[in-house]
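> Sequence isn't available, so here's the structure alone:
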């Protein structure tokens, strides 16, 4: 017969009182009912009995003299039926043979292909008092109350409980001494990444998008923007790394003129301080602004930049902040600019510009913009784009890499030769633990769509290797880059998908060659552009990704934490 098996609450309470009292003699006597095959000559003085409840259960379920077992297999469920006496002397007052117990184990889902919960259920042919569960011989739970399900096995990654074959064995114990076993084989094959550690944080309220993230001790600090009746405003928010929820309220920073991946607002940390840089409107022009943020207290002083300036990235270099952006020189044209300011006072310490030479561009009409900045060893590395003449004297954009000392002294520069596609741009840069750095951005042939391009550089600034993600019919860009603990390069950006707008795209590549290790494509609930604009990777390899996605008629911010 088949029936729902439940342990009365009184029995559960009695068991808890029994365990907490330490009455081992009573535990052994009671165990003769549930584990009748335990050697009846075992001392009942308590201390010489089984020292641990798990050990008692294991001995009881595996004792060689307990029963005769007939094993049958039905599909991938193994049923083991016990027959014969199955009880030690004195455990059944009538002296009659106990009824056998048939056991079947069910695991759902099977196979397990993504992180989540596995439900372990057990069917028995008659009521039982408790059930022991084992995974590949190791105890999962001993003395579980018969219920539906008996146990929930949490699969959190490829480490816990581990990819590969598993055998779940259930040992059921009836009150009258009868017992039985059943087994179920199932497979765990979880992707090494691309699953959420916690449910994505989605802000459907005033925050419309996150554009940058920086790692802190337990989670991330992130910068973004939200829409008000007066226009867009920059915002900073701290997110807890365990729960994926905000710590405190967002901190409003001021009006923002431009937003999005590769444009800001941008965020950096120095010791316990957090700094946000953004481009704010200033009359008919723009100018950069930097604010020191203290979460839990609010916005600190705001330091403005020069007129006609924009900022797209920020990094902390000792007691200085490095801002990467541009200075407008005409309608739609800029000179690339890097500024060093004091992190205490906001005072301008140094600045460096980059532009085509007067011989190449007599009227300074070419466009040069910095997009990303990172501290690599004892250097400041800035990446961006500038225009040069390509084939047929057509202006094309090419990646530029600028290296400086921490104090702002120029150390070297590199410009893309366009070796693969006609034009390309560097959008972000990150240091590599083995030395050197990696640059991500986009590349395309003139008049064609963009594809994500990644380049590896040595510590001396020399190009080592490169790769292009093959998306020949889908426009794609890389906005942020990082390295995990295994040396994989994590890229966050956007990619067009068939029948949709641009979607957020996060992927990991093993190196210059080889297929991507994993990828996540996030398509918002509404029709509109979605983008993964910023990321941070912690020491364990967990990847934090922030961005924006469309819901109904406006964007909303999101933050994810992905398994390594």
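Nice, I can see it. Everything quoted here is computed from the prediction, not taken from an experiment.
> For the stretch 51-200 of the chain, which segments count as strands?
Remark: strands assigned in the stretch 51-200 of the chain by DSSP state E, counting those that start in this stretch are 68-74, 77-83, 103-108, 116-124, 130-135, 138-144, 151-155, 164-173, 179-188.
> right, and residue 304 touches residue 287 too?
Yes. The pair residue 304 / residue 287 is scored as a contact, 5.7 Å apart, by Cβ atoms under 8 Å. In this view, the C-beta of every residue, glycine as well, is placed from N, C-alpha and C.
> Compare those two (neighbour count), which wins?
residue 287 (19 against 14; other Cβ atoms under 10 Å).
> That one: which element?
Residue 287 is part of strand 285-294, with elements assigned from DSSP states H and E.
> what lines up beside the next helix or strand after that strand in the sheet?
Reading on from strand 285-294 to the C-terminus, the next helix or strand found by DSSP H and E is strand 298-304. Using DSSP bridges, the strands paired with strand 298-304 are strand 285-294 (antiparallel).
> which residues are in contact with the strand it pairs with?
Residues outside strand 285-294 that contact it (Cβ atoms under 8 Å, 6 or more residues apart in numbering) are 221, 236, 251, 253-254, 257-258, 273-280, 299-311, 314, 321, 323, 325, 328, 339, 341, 343, 346.
> Repeat that for stretch 341-356.
With contacts defined as Cβ under 8 Å, 6+ apart, stretch 341-356 is touched by 270, 273, 275, 290, 292, 301, 303, 316, 319-321, 323, 327, 335-340, 361, 364, 366, 368, 370, 384, 386-388, 400, 402, 404, 407-408, 410, 413.
> again with stretch 401-409
So stretch 401-409 is contacted by 317-318, 320, 336, 338, 340, 349-352, 354, 370, 375, 378-384, 410-415, 426, 429, 439, 457, 461 (Cβ under 8 Å, 6+ apart).
> and it, which residues are buried?
401-404, 406, 408 (16 or more other Cβ atoms under 10 Å).
> Tell me the span between the first and last residue of it.
In stretch 401-409, first residue to last residue: 15 Å (Cα to Cα, to the nearest Å).
> cool, stretch 266-278 as well?
OK, stretch 266-278 end separation, Cα to Cα: 6 Å.
> contacting residues around the residue nearest to residue 428 when sequence neighbours are not counted?
The shortest distance from residue 428 to any non-neighbouring residue, by Cβ to Cβ, 6 or more residues apart in numbering, is to residue 372 (4.0 Å). Residues near residue 372 by Cβ under 8 Å, 6+ apart: 262, 312-313, 324, 382-384, 426-429, 439.
> for residue 373, same thing?
Contacts of residue 373 (Cβ under 8 Å, 6+ apart): 313-315, 322-324, 338, 380-383, 429.
> partner residues bridging it?
Bridge pairing for residue 373 - DSSP bridges - gives residue 382.
> From residue 128, how far out is it?
Distance from residue 373 to residue 128, counting by Cβ to Cβ, to the nearest Å: 65 Å.
> do the same with residue 476
Shown here: residue 476 relative to residue 128, a distance of 57 Å by Cβ to Cβ.
> and residue 364, that one's in a helix?
No. Read with DSSP: H, G, I helix; E, B strand; the rest coil, residue 364 is coil and lies in no helix.
> Give the residue spans of the chain that score low on pLDDT.
1-96, 156-160, 190-198, 203-205, 498-500 (pLDDT under 70).
> What segments of it are helices?
9-21, 24-34, 53-62 (DSSP state H).
> The residue nearest to residue 153 when sequence neighbours are not counted and residue 144, how far apart?
Spatially, and ignoring its direct neighbours in sequence, residue 153 is nearest to residue 118 (4.1 Å; Cβ to Cβ, 6+ apart). For residue 118, the distance to residue 144 equals 15 Å [Cβ to Cβ].
> same thing with residue 536?
41 Å.
> okay, the two: which has more neighbours?
residue 536 (25 against 19).
> Residue 513 contacts residue 467, correct?
Yes. Applying Cβ under 8 Å, one finds residue 513 in contact with residue 467, separated by 7.0 Å.
> who has more neighbours, those two?
residue 467 (18 against 8).
> Any idea what that one is bridged to?
Here residue 467, judged by DSSP bridges, has bridge partners residue 454.
> Same check on residue 169?
Beta-bridge partners of residue 169, as defined by DSSP bridges: residue 134, residue 183.
> and if you look at residue 476?
The partner residues for residue 476, given DSSP bridges, come to residue 495.
> burial of it, as a residue count?
Neighbours of residue 476 (other Cβ under 10 Å): 24.
> before we move on, back to that, distance to residue 199 added to the strands of the stretch 51-200 of the chain, as CSV?
CSV is the format used below for these (distance: least, Cβ to Cβ, whole Å):
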stretch, distance to residue 199
strand 68-74, 38
strand 77-83, 33
strand 103-108, 21
strand 116-124, 12
strand 130-135, 27
strand 138-144, 26
strand 151-155, 15
strand 164-173, 26
strand 179-188, 22
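> Residue 545 versus residue 536, what's the distance?
8 Å.
> which residues are in contact with both of the two?
With Cβ under 8 Å, 6+ apart as the test, residue 536 and residue 545 both reach residue 213.
> Residue 274 contacts residue 267, correct?
Yes. Between residue 274 and residue 267 there is a contact under Cβ under 8 Å: 6.6 Å.
> okay, those two: which has more neighbours?
residue 267 (28 against 24).
> my guess is that one meets residue 210, correct?
No. The pair residue 267 / residue 210 is not scored as a contact, 9.4 Å apart, by Cβ under 8 Å.
> Residue 139: neighbour count?
16.
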